[in-house]
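J.: sequence plus the predicted model coming up.
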Amino acid sequence: MPGLEDLYREIILDHYRNPRNRGELPVPPAHAETGFNPLCGDEITVYVQVDGDTVTDLRLTGQGCSISQSSASMMSTAVKGRSLEEARAVIRTFKAMMSVHEARLDGDDGGPVEPEVALGDLEALQGVVKFPVRIKCATLSWNTLTQALDSIAAPAS
Amino acid sequence: MPGLEDLYREIILDHYRNPRNRGELPVPPAHAETGFNPLCGDEITVYVQVDGDTVTDLRLTGQGCSISQSSASMMSTAVKGRSLEEARAVIRTFKAMMSVHEARLDGDDGGPVEPEVALGDLEALQGVVKFPVRIKCATLSWNTLTQALDSIAAPAS
Amino acid sequence: MAIDAPATPIDVASIKKDFPILAVEVHGKRLVYLDSAASSQKPTAVLDAMDRYYETTHANVHRGVYTIAEEATRLYEDARKAMARFIGAGSPSEVVFTKNVTEAINLVARSWGGANLHAGDVVVLTEMEHHANLVPWLQLKAERGIELRYLPVGEDGLLDLSDLDRTLAGAKLVAFTAMSNVLGTLTPVRRIADAAHAAGALVLVDGAQYTPATATDVSELGVDFYGVTGHKMLGPTGIGVLWARAELLDAMPPFLGGGEMIRDVRLDGFTTNDVPWKFEAGTPPIAEAVGLEAAVRYLETLGMDAVRAHERHLTAYAIDTLTARYGDDLRVHGPLDADQRGGVLSFAYKDIHPHDLSQVLDESAVCVRAGHHCAKPLMRRLGVGATARASFSIYNDEADVDVLADALADADRLFG
Amino acid sequence: MAIDAPATPIDVASIKKDFPILAVEVHGKRLVYLDSAASSQKPTAVLDAMDRYYETTHANVHRGVYTIAEEATRLYEDARKAMARFIGAGSPSEVVFTKNVTEAINLVARSWGGANLHAGDVVVLTEMEHHANLVPWLQLKAERGIELRYLPVGEDGLLDLSDLDRTLAGAKLVAFTAMSNVLGTLTPVRRIADAAHAAGALVLVDGAQYTPATATDVSELGVDFYGVTGHKMLGPTGIGVLWARAELLDAMPPFLGGGEMIRDVRLDGFTTNDVPWKFEAGTPPIAEAVGLEAAVRYLETLGMDAVRAHERHLTAYAIDTLTARYGDDLRVHGPLDADQRGGVLSFAYKDIHPHDLSQVLDESAVCVRAGHHCAKPLMRRLGVGATARASFSIYNDEADVDVLADALADADRLFG
Ligand SMILES: Cc1ncc(COP(=O)(O)O)c(C=O)c1O
Ligand SMILES: Cc1ncc(COP(=O)(O)O)c(C=O)c1O
């Protein structure tokens, strides 16, 4: 049995207590997307501002547990200021880190994936994979960001 | 465990091999009603001719097992020529004989009922109550006759 | 099934021995299962009854002439009788077996609602309903434009009935829970049912939490439809019950189509079987019915008044213990008076998210649920995203509550 | 799941020991269970898996953070994976757990049919369908005026496909069984599916009898929807499976409403969860899923090709034995070639009614079913009210067939 210290690393608790990039952005020009975790009721809204090829700003509102909040906060610092392509690479790498075990829960058997980019602080979330139910908490903001970027790329007609 | 001889009494097999009152009656003036045993697929059609207060004729068609066929045949001889009131009393008495155990299967807890009339040969069917699944076979024609008499009493508007 | 004799108190120490899972250790500690509102544990008697059934009697029901098929049919129909007795049904033929209470409510919405609810017709719900008693009506609203009204929940966690008559005016159905799975609130079923009938509406009551916790008599409650779910009342998963008054069931069109529910099938149409079988399409949960009967007998032996007294006591003890120990740091949602609630206790502890709280409690082998408890509208009404919820059954005692109270201190250490 | 290695023959003597019910005596005689087409018996491995689950792990799934809830969720989802593997599904998310195959077919009729079938649209069935695959479509016919066409059954008990293309023209769905529960007939699934697709129709196959009897690969079969039922494949009652291609499930509206199937619920509407959970309202049959996985593993260990070879052999032996012994007095319904049928044998003996036959056979502890087998239209096509039906599984052997053959002589004495 993994211990709680695997889950609640110091950096995670720090992002939980002091979340970065909280707040809203005017929509438009920013784009907003809301994600739900149907299991626990967590909700997160991601505001993302894309100018040309760059994610110029990203803000977050919503409520959730330490894992979902700190993951969102870390995501915001990891993605803000990056090019769209880089942002997608970060998302892919993070999801891959989570996926082996998320797959376990969802039923899909995705094998491990080579990291495309260094995840830095985000690696602290690796401990979450030992607590499969919490993986959905960690990935909520990332899935919501993906949706936001997708609908920016292909605006609803 | 009751033996088969409780079920297949000689008189029952006789009525099965030589069914009385097989056939149809012209409708109208006769009334016809078809009953189904949803468990096994037995079907029986009862043709009944009522003149004034009397069941002047009763005929049967359909297919079924020895129990449903012999019960129908015995019913026809027990009811034909009787007044409506007497016919109803025979039906009630027969159903009461079956009911303790039919109730067991259906879930209704009807207690035993005093016999209103002598059942004669029909008493041979008493052995059926030891084989609860077969009670539906024995009562099929009786339920169908009841329906026929009910719709004669209250013709559809 | 009101029992008038004074209840023999529940002997938890001996009851615990009947539940094998309570001997399991998690993280090297004794399991403290405080999530019976989500699903109860099962006594050996229930597991044995199902095993015995499979090992000696199993056959498909209602269609076989041979001995074990006849015996299987008898056991299945006996379970129906036991269930009828347990909830005070007039006749076993009013008892329909479903897969869970969710299916039971959907059955009413689709069958009765399909025949009787049209655009503009009003169904009254409450703000404290479980999704099982919300979504089927929201589906009918989306599909055919029925109107939904909600009885509000007051600050005290009770239903606010101040506007009851106006809310009921013109309604066709009032559907509500007899006990909230979040707040524990016991609702005034009889009072609402009488008012609903006076307004010309029928009454559906969700008994998923109520029947495992108290003596149930559907005719005393004065309702028209009533649903329960097996796995919350010591029974197996895979079975639930819809009770409805006979004349309602008789008049309702069938729901699912298939074997068992028909009288005759032709290539161009079909006729339906008698109730209750009209509503039981396909092979029913036979072993599960046998297990449910064993659960009902287990509860009857304890006596439902004793069960209620035990859970009432434990709830009061938990409220007292937690508030005495944590004061304003711990907030209990719902009524504080144990007479007004069952053994379900939602609470907030400091500003620690329920998910994190539950995770930390698990280190002490304490099982509490964290989340929206399938009652998202109630969460919004309470102004929270989730709650932590401890819930009690006959196999819980004061020591379990004490372990919970101690374990909360750990959460404090990590998140305080 | 085609297995290419030569199959190890089934060792019935050792298998019989895995099925406790086969040691039961009826009327002082060894039980000869020949009604597996109605419901199969269960090996100890299945009962043990469910007991172990209840005794160590039970909690409601998908909502708990604590250890046993997480473990229960894992076991439930592992069962989905096992089922996906067993029928060759592309992904576990295409596997929806239902209460039986009847519910699976109703789900397609109500959800997919509700969204896609309108007045005048054509659904093609066959004359040999079980009521489970007739009544849901008859309900849609009555409610919204869809048109039903039937592929006929020939004198040989096979589907008559001489008019296939004309029957399929303009159809939206073709729904049929892969194996008749009355005649044993194996239908040419791939051929019909290809023709249906060419005609622009989707294909639903009822695999209730087929999957317990043969290796199943839904993508090799080339179908769009596929249903199975747990209790006929050594699993428990109370669980069935709907498989459908992912893009179909994604596009289908929800069926039953309640917990688990939602993403969000507000007082005025709701949004749905991802597949497969979108179709699993309420607490699912958790222990039953665990039991079904154990059944699947039991069958996989034997190998489905060996299962098929065994049942094929036994069917041929039964046809040979009974016809050799009773000549023209005994008439087998359906194809006489065991390559064209599974281990289901309907027959007529003299003019003794099947009910009476089954009753007499019960005296020898032989369990055969008598009746319409939930296939009344096929009974009419065969020109009979009922048949007697013996059906075989892995735990039957030639000695069982011999007991049946001997017992028929008793019927003769009573009714001959
Ligand atoms: C071919 C076929 N389809 C459907 C069914 C219905 O299965 P269930 O009653 O488990 O839903 C059966 C068995 O009864 C069957 O043999
Ligand atoms: C009040 C209430 N209603 C309905 C349900 C749904 O029960 P099930 O999931 O067994 O259908 C629950 C439990 O989840 C409940 O607590």
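T.: Yep, it's here. Here the structure is a predicted model, which is why all the values come from computation and not from measurement. Ligands and ions are numbered 1, 2, ... in the order given.
J.: pLDDT score assigned to residue 92?
T.: All of this refers to chain A. Confidence at residue A:92, expressed as pLDDT, is 91.
J.: switch to chain C, please.
T.: pLDDT, residue C:92: 97.
J.: got it, and the one 5 residues further on?
T.: Residue C:97 is assigned a pLDDT of 98 by the prediction.
J.: where does pLDDT dip in chain C?
T.: C:1-7 (pLDDT under 70).
J.: just for chain A, where's the confidence low?
T.: A:1-2, A:100-115, A:155-157.
J.: tell me which element the residue nearest the centre of it falls in.
T.: What sits nearest the mean C-alpha location of chain A, by CA atoms, centre = their mean, is residue A:142, with 2.9 Å. Assigned by DSSP states H and E, residue A:142 belongs to helix A:132-153.
J.: and that helix, what's buried?
T.: Buried residues in helix A:132-153, counted by 16 or more other CB atoms under 10 Å in any protein chain shown: A:132-146, A:148-149, A:152. C-beta here means a position set from N, CA and C on the backbone, and glycine is covered the same way.
J.: which secondary structure elements does it contact?
T.: Applying 3 or more CB pairs under 8 Å, 6 or more residues apart in numbering or on different chains; DSSP states H and E, we find helix A:132-153 packed against strand A:31-36, strand A:43-51, helix A:66-79, helix A:84-106, helix C:354-362, helix D:67-87.
J.: isn't the residue nearest to the centre of chain A up against residue A:75?
T.: Yes: between residue A:142 and residue A:75 there is a contact at 6.0 Å, judged by CB atoms under 8 Å.
J.: common neighbours of these two, please.
T.: Counting by CB atoms under 8 Å, 6 or more residues apart in numbering or on different chains, the residues touching both residue A:142 and residue A:75 are residue A:94.
J.: what segments of the stretch 301-416 of chain C are helices?
T.: Secondary structure of the stretch 301-416 of chain C (DSSP state H, counting those that start in this stretch): helices located at C:304-326, C:354-362, C:376-382, C:398-415.
J.: would you mark the buried spots in the last one?
T.: If I follow you right, that is helix C:398-415. Across helix C:398-415, burial judged by 16+ other CB under 10 Å covers C:400-401, C:403-405, C:407-408, C:410-411, C:414-415.
J.: pick out whichever of those residues sits closest to residue A:8.
T.: Using CB to CB, residue C:414 comes nearest to residue A:8 of those, at 6.1 Å.
J.: wait, isn't that closest one in contact with residue A:5?
T.: No: look at residue C:414 against residue A:5 with CB under 8 Å: they stay out of range, at 9.3 Å.
J.: residues near the residue lying closest to residue C:384 once chain neighbours are set aside, how many?
T.: Spatial nearest neighbour of residue C:384, chain neighbours left out: residue C:348 (6.8 Å); criterion: CB to CB, 6 or more residues apart in numbering or on different chains. For residue C:348, the neighbour count with other CB atoms under 10 Å in any protein chain shown is 19.
J.: now do residue C:264
T.: For residue C:264, using other CB under 10 Å, the count is 17.
J.: residue C:123 belongs to a strand?
T.: Yes: per DSSP: H, G, I helix; E, B strand; the rest coil, residue C:123 lies within a strand segment.
J.: quickly list what it is bridged to.
T.: Beta-bridge pairing for residue C:123 (DSSP bridges): residue C:148, residue C:173.
J.: my guess is it meets residue C:171, correct?
T.: Yes: if you go by CB under 8 Å, residue C:123 and residue C:171 touch, sitting 6.8 Å apart.
J.: mind listing the shared neighbours of those two?
T.: Overlap of the contact sets of residue C:123 and residue C:171 (by CB under 8 Å, 6+ apart) consists of residue C:149.
J.: which one of these two has more residues nearby?
T.: Neighbours around residue C:123 and residue C:171, counted as other CB under 10 Å, are more numerous at residue C:123. The numbers are 23 against 18.
J.: just say helix, strand or coil for the closest residue to ligand 2 within chain A.
T.: Chain A approaches ligand 2 most closely through residue A:39 (13.5 Å), counting by CB to the nearest ligand atom. The assignment at residue A:39 comes out as coil when based on three-state DSSP.
J.: residue C:245: what's it in contact with?
T.: Residues in contact with residue C:245 (CB under 8 Å, 6+ apart) are C:90, C:94, C:224-225.
J.: and residue C:116, how close does it get to residue C:144?
T.: According to CB to CB, to the nearest Å, residue C:116 stands 11 Å off from residue C:144.
J.: ok, residue C:56 next?
T.: Relative to residue C:144, residue C:56 is positioned 48 Å away (CB to CB).
J.: helices or strands up against the host helix or strand of residue C:138?
T.: If you go by DSSP H and E, residue C:138 is part of helix C:135-144. On a contact count with 3+ CB pairs under 8 Å, 6+ apart, helix C:135-144 meets helix C:113-116, strand C:122-126, strand C:147-151, strand D:262-266, strand D:269-272.
J.: could you export the helices and strands packed on helix A:132-153 as JSON lines, including mean neighbour count?
T.: Below are the helices and strands packed on helix A:132-153 laid out as JSON lines (neighbours: other CB atoms under 10 Å in any protein chain shown):
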{"stretch": "strand A:31-36", "mean neighbour count": "19"}
{"stretch": "strand A:43-51", "mean neighbour count": "21"}
{"stretch": "helix A:66-79", "mean neighbour count": "25"}
{"stretch": "helix A:84-106", "mean neighbour count": "18"}
{"stretch": "helix C:354-362", "mean neighbour count": "26"}
{"stretch": "helix D:67-87", "mean neighbour count": "21"}
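J.: so is stretch C:269-288 next to ligand 1?
T.: Yes: using CB under 6 Å from any ligand atom, stretch C:269-288 reaches ligand 1 at C:282-283.
J.: please spell out which residues along that stretch are buried.
T.: For stretch C:269-288, the neighbour count (16+ other CB under 10 Å) marks C:270, C:272-273, C:275-288 as buried.
J.: in strands, which of these appear?
T.: C:270, C:272 (DSSP state E).
J.: measure the residue nearest to residue C:84 when sequence neighbours are not counted to ligand 2 for me?
T.: Computed as CB to CB, 6+ apart, the closest residue to residue C:84 that is not its neighbour in sequence is residue C:92, at 4.3 Å. Using CB to the nearest ligand atom, to the nearest Å, one obtains 22 Å as the distance from residue C:92 to ligand 2.
J.: distance of residue C:92 relative to residue C:69?
T.: Going from residue C:92 to residue C:69 by CB to CB gives 20 Å.
J.: and residue C:298, by the same measure?
T.: In this view, residue C:298 and residue C:69 are 27 Å apart by CB to CB.
J.: also residue A:46?
T.: Residue A:46 is 59 Å from residue C:69, by CB to CB.
J.: please apply the same query to residue C:110.
T.: Distance, residue C:110 to residue C:69, using CB to CB: 31 Å.
J.: likewise for residue C:231?
T.: Counting by CB to CB, the separation of residue C:231 from residue C:69 is 27 Å.
J.: and what of residue A:80?
T.: For residue A:80, the distance to residue C:69 - CB to CB - is 69 Å.
J.: same question for residue A:57.
T.: Going from residue A:57 to residue C:69 by CB to CB gives 70 Å.
J.: grab the nearest non-local neighbour of residue 64.
T.: This is for chain A. Nearest to residue A:64 is residue A:42, by CB to CB, 6+ apart, at 3.6 Å.
J.: actually chain C
T.: Setting aside the residues directly before and after it, residue C:64 is nearest to residue D:369 in space (CB to CB, 6+ apart), at 5.8 Å.
J.: what sits against the one you found?
T.: Residues counted as contacts of residue D:369 (CB under 8 Å, 6+ apart) are C:63-65, C:69, D:35, D:37-38, D:358, D:388-389, D:391.
J.: and with 7 Å instead?
T.: Counting by CB atoms under 7 Å, 6 or more residues apart in numbering or on different chains, residue D:369 makes contact with C:63-64, D:35, D:38, D:358, D:389.
J.: out of these, which is most surrounded?
T.: In these, the most neighbours by other CB under 10 Å go to residue D:358, 29 neighbours.
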